[in-house]
Each structure stands twice: as C-alpha cells, then as structure tokens.
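Q: with the sequence up front, the predicted model follows.
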Amino acid sequence: MIVTHLSTYKKGAYFAISLFIILSTLSCSKQEKAEIVPYHAQMKKQFIEDISMAIAFLDSSANDTEQIEKYFLKSRVYFKKIEPILSSIDSENYGFLNQPNILKVEEDDFTDIKIKKPSGYQVLEENIFVDNIDLTIVNKHLSLVSNRLKLIKENCNFSHLKTYHFLWLLRKAIIRIAVTGTTGFDSPVLENSLEESKIVYQSLKTYLALFENEFKDITVFQKLNTELDNSIQDLTGDFNSFDRYTFIKKHTHKQLALWNLIVTDWNVSFPFELAIKNDVKSLFSANTFNLKYFSDRNSGEITTEKIALGEKLFYDTNLSSNKNMSCATCHLPEKAFTDGLKIGKGVTRNTPTLLYSGLQKAFFFDKRAGSLEGQIIAVVKNENEFHTDLEALKKVVEEDSSYIKAYAKVFNKTKINNADIRNAIASYIRDLNPFNSKFDRNINDLENTLTPSEIKGFNLFNGKAKCATCHFAPLFNGTVPPDYKESEIELIGVPRENDTINAKISADLGRYYVYNTPERKHFFKTSTVRNASKTSPYMHNGVYNTLEEVLDFYNRGGGSGIGIAQDYQTLPPDKLNLNEQEIKDIIAFMESLEDPNENYESTNK
C-alpha cells in the first residue's frame, strides 16, 4: 500500500527529541552501599532497559503511522544508546540492525553463496523519510527489526565480560564516532550523525559510572567524564560545516590518551590485540594498527630481519622465469608503488599502490586473494608476470648463499620452503605503512602546516562529499572500522571511457569472475586515497587521469549520474553539489596524504 506522506520533519527537531530522552533516561545514579551488584549485572540491567525502549518505540511506529517518524527517531535514540555494548557483545546482530540499504552477498565458495536483502535502522530511515511512504515495506522492516531486538533482549549474556572487555568497547565507541559516527555513514538521509554521537557519548558516561570504584586515581575518572562532556558540547552545528579535523585532534586523541591512563590505573592486562594496538594514542600513526591482525594466522612475527629479506626478494628479477621482472617492476617506489600506466603490461587492470595494502582483509581489485601471501602466488604463476612456479621460487633462494644465510637467521631453519619466501615478501609489504604525510604530522600535532583549504577538504571528504562513507579514515580505504574485519567492494558504475554524454560501463565484471554471482557484476574493492596524488591514472581501468576528473565523476552521482543504470549500484545516485572551490579543497586534502619518498626508498633498487 502506497500512502502519500509529505514529511514535515526538520533535522533540528531531532535535537529536541534526543535531548529530552538523554536528560530523562540516561542518568546513572550511584548505587547505595548496601546494594553491591557486579558491574556486568548492572550493565545488563541498563542494556535491557534501553533495548526495551527501542522495541517499544518501534512497535509504536507500526501501530501509529501518523507519528511514525517521531516514534522511529525515539527508537533510534535507544539503539544508539545500546550501540557500544551491542556492537561488542553481538557484532553479527549489530551488523544486521545497522547495515546500509544495500544487497548483502556472502560468498564462501561456489556451493555456499548467500544473497541477503538488507534490513535495519538505515533501511527504515531511507523508507520512512520520503514523500511517499510504502507502509507495506516499512511495516515489514519494523517487524524484522523489532523481532531481532526482542531476540537479542532474550538471549543477551553479560556474565562472561571482563574489565578489559569494557575497555575495548569503550575505545571502539570512541573510534567509531571519529571515523564513521560523524560522517553520516549510518544516517544517510537525515544526517543526524552529530546528535547521535552525543547520545553514544552520554551512554558511555552511563556505563563508565558503573566502574567508578575500579579507579584508584579518581581524577582519571573525572578527567574522562569532563572530556566526554566537552565532546558532547562541541558536537554542534550543521552536518556539512562541522570541523571534524579539530574534533579528532581536540577530543578523539585526548580520549585515547585518557583511555591509556585508565588501563594503567586499573592495571589491566589484555589477552591479545585486536586490529588496533592496545597502547594506541593516535589514529594516524605507524603504531596504530596491529599488523598481525591483518596477516595470515601462521605468518609469524614481523621482524626487522624478515622485512629486510622480503625487501631484497621484492627487487630480485631472478624470481621471474625470464630474469627481467621483479615485484618492483610494476610497483615503483617513486610512484607510491604503482607503475603510472593505465593498464600494466600483460595484466587487465590498473596497478594499485602497495602502500598501506597490508592493512586490508582481501587483495586484488576483485578480492580473489585472502592474503598477501596468496596474492604473491597468483603473480608467480601468471604467465604475463613471473610465469613460473613456487618450486622455482624456492630454487632461487637455495642457489644464493646470501639468501640462505638470511633465511636461516629469519626462520631459524635451513630447509627452505616457498611459504616462508612469500611470507618474507608479504612482511616487507606489510611494513609499507609510514603514516608520515603532511596530514598525519599535523593531526598528530608534530607540525602546524596544513592550509585552511586542506583542513576544509578533510571536513568535506568526511561530510558533504560523503567520501568517507566508503574511504574510511585513517586508512582511507574500504576496510571497515572499527573492527576492520572486512574490505568492502562497491559498484559505482565506472565507465569504459571518460565520457559523460554516451557513457557505457566498463566491460570488466570484477568480482563476478570469482564466483559468477550475478549480483556481483562490476564490483571492485575500494582502494586507498592515501598517496593518490602519485598514483594516477585512477579506477580499476585507469579511465581517469586526474583527481579533478575523479571528483567530477562522484559529484555527478557516479555511474547513475552519467547515465549508467545498474540495479545494485552502491553509490547514492544523488549529485553532491560540490562547487569548484570545494572540489579544489578536497583535492588539496588528498594531496596532503602524500608520504615523502624517503619513507620507503630502498637500497635494493
């Protein structure tokens, strides 16, 4: 049933609803001394209260369509309240509830391919805040989301939680706000990111209060509370004009520093590291990410000696059958480890940068390799590249005394195998994460040289231009924070030629070639824009020669904006309405992400 419903909702009204609910429900009074309840029991009690309200307001949305917008927004507030907890204790259900309105395809192998239609709060937002509401569709999703919340409520378990779990979820929420929460990633229509980030911070204050007795130094508790209050106060203004750069410098990094003080004050030991290192102080640092998290399970430690061995192998032409091709033949350091060609010789796609490539969960433009070691196998066997085999790779090392000596030192054994050789090369590539660009140095307060245009460009990138909803800071690629479990692929409608009048989509079917899934035609992995100033031409087919051409494509609405119609395009078809100066600012920001050459120059060339 289609009901004409011209929405009179204004984004500003969301603040009033949020503030009312925060003030009336998010207070957390201290327990009476006579009632000492384990913190996990208190956490569960708060969680149950909040998820119950989220359910109640969703059900009210279904029962009172005249006030569907108001009730949905109230439910959304309570969902953001439980977000820090739910995303940590039940990431799968959180992902269902907060997924984008895009078809989800899971491809484990040829016999196990799942096509899942999306549901959740984002899907509801896109279907409720329109001029013509289809109540049949909306009610279906209201029911799906409500039932999922009820299932979570009935089955949630907090008894296993340790103190370090709380610290991890606290930090995860801090990072999520900085890199997706303020970008409009999960509020694509209403752009209520700033108000929703306030709700998350207030929820963190609520849960933090349950741990007050854990603090030996109460001033640390007080400082973090004050900092969260200050963050809430600064999350004001228009979505498009919000200064995300200053917010990260002033608040996010300060919160990470305070988080480390809590770890010390509580004397917490972590059983292992997640994607983000346990002692992280900045999101934009070579010490931010745990490289082992992105590596093969059996890849071992990444040592200086292993990196040096891998670097030597990287530049060795003896690894190829004709002895004139090395990894560096197509990945030139001076071009940020690309080749500067539209399509490299003997291959079918543009050569991507290797910088920061180790911080991904899949490789090649079509994600057909699950590790760098796996990608190296493909290069070795490709008849247009190394055109050899893994046994030949091993023989090269066995016949070189310097390799034998280095290999024995690195792997503590004399019998050489190709898996170790590939691991050494992969370890060198994993080390190519300098985080030493002008932007990195500035956001880390190491210098003060960013221009107003570069800062504005970062804010546009993360706001109005919506670049950061696919190119997530700080890597600015498609590896999704804050868990970094998946590297996204997108269908944006890249054309065959640089043509905006008679555009035809690139003939390359991308991910489709891996499993022949029709719903994955023309999907490609989201590349990093770090060092983009040195990696032209752009896109998987090298169709665009300049960043200006790339920005023009996105500004028009991607493929849809130039007449390429694709059912599963993941890029919103709307024009971005960026003016000429805004495009210049975004490009200025991207140019500030260029790492100096000396960070990765090699003596092996």
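A: Structure's in. What do you need?

Q: quick one: contacts for Asp420?
A: Asp420 is in contact with Tyr407, Val410, Phe411, counting by CB atoms under 8 Å, 6 or more residues apart in numbering. Backbone N, C-alpha and C define where each C-beta goes, glycine included.

Q: in TSV: those residues, plus secondary structure and pLDDT.
A: As requested, the contacts of Asp420 are exported to TSV (DSSP: H, G, I helix; E, B strand; the rest coil; pLDDT from 0 to 100):
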residue	secondary structure	pLDDT
Tyr407	helix	96
Val410	helix	96
Phe411	helix	96
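
Q: just the buried subset of those residues, written out for ChimeraX, thanks.
A: Burial among the contacts of Asp420 is assessed by 16 or more other CB atoms under 10 Å; the matching ChimeraX selection reads:
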select :407,410,411
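
Q: and which of the contacts of Asp420 is nearest Leu208?
A: Nearest to Leu208 among the contacts of Asp420 is Val410, at 44.7 Å by CB to CB.

Q: list the contacts for the closest one?
A: Per CB under 8 Å, 6+ apart, neighbours of Val410: Thr303, Glu305, Lys306, Leu309, Asp420, Ala424.

Q: just the buried ones from those residues, in PyMOL syntax?
A: Command for PyMOL that selects the buried part of these, burial taken from 16+ other CB under 10 Å:
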select buried, resi 306+309+420+424
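
Q: if you look at the contacts of Val410, which of them are in helices?
A: Of the positions in these, Glu305, Lys306, Leu309, Asp420, Ala424 sit in helices, assigned by DSSP state H.

Q: which of those residues sit farthest apart?
A: Going by CB to CB, the pair spanning the ones in helices among the contacts of Val410 furthest: Glu305 and Asp420, at 12.5 Å.

Q: help me confirm that Phe524 is found in a helix?
A: No: with DSSP: H, G, I helix; E, B strand; the rest coil as the criterion, Phe524 is strand rather than part of a helix.

Q: and the gap between it and Asp431?
A: Taking CB to CB, to the nearest Å as the measure, Phe524 falls 26 Å from Asp431.

Q: these two: which is more packed in?
A: When Phe524 and Asp431 are compared for neighbours, Phe524 comes out ahead with 24 against 19, by other CB atoms under 10 Å.

Q: beta partners for the more buried one?
A: Residues in a beta bridge with Phe524, per DSSP bridges, are Glu490.

Q: residue contacts, it?
A: Per CB under 8 Å, 6+ apart, neighbours of Phe524: Phe365, Asp366, Ile489, Glu490, Leu491, Val494, Gly510, Arg511, His540.

Q: residue ranges with poor pLDDT in the stretch 201-350 of the chain?
A: By pLDDT under 70, the stretch 201-350 of the chain has no low-scoring segment.

Q: by average pLDDT, which secondary structure element in this structure comes out worst?
A: For the chain, the helix or strand with the lowest mean confidence is strand 2-4, at a mean of 40 (criterion: mean pLDDT, DSSP states H and E).

Q: where along the stretch 451-600 of the chain do the helices fall?
A: Applying DSSP state H, counting those that start in this stretch to the stretch 451-600 of the chain gives helices spanning 452-461, 512-515, 547-555, 558-561, 580-591.

Q: and Glu399, which of these is closest to it?
A: Set against Glu399 and scored by CB to CB, those come closest in helix 512-515, at 35.9 Å.

Q: go through the closest one and flag the buried ones.
A: Tyr512, Val514, Tyr515.

Q: chain center to that helix, what's the gap?
A: Offset of helix 512-515 from its chain centre (CA atoms, centre = their mean, to the nearest Å): 24 Å.

Q: which one is the residue nearest the centre of the chain nearest to, not counting chain neighbours?
A: The centre of the chain sits closest to Val480, judged by CA atoms, centre = their mean, with a distance of 2.4 Å. The spatially closest residue to Val480, leaving aside those adjacent along the chain, is Glu486, at 5.3 Å (CB to CB, 6 or more residues apart in numbering).
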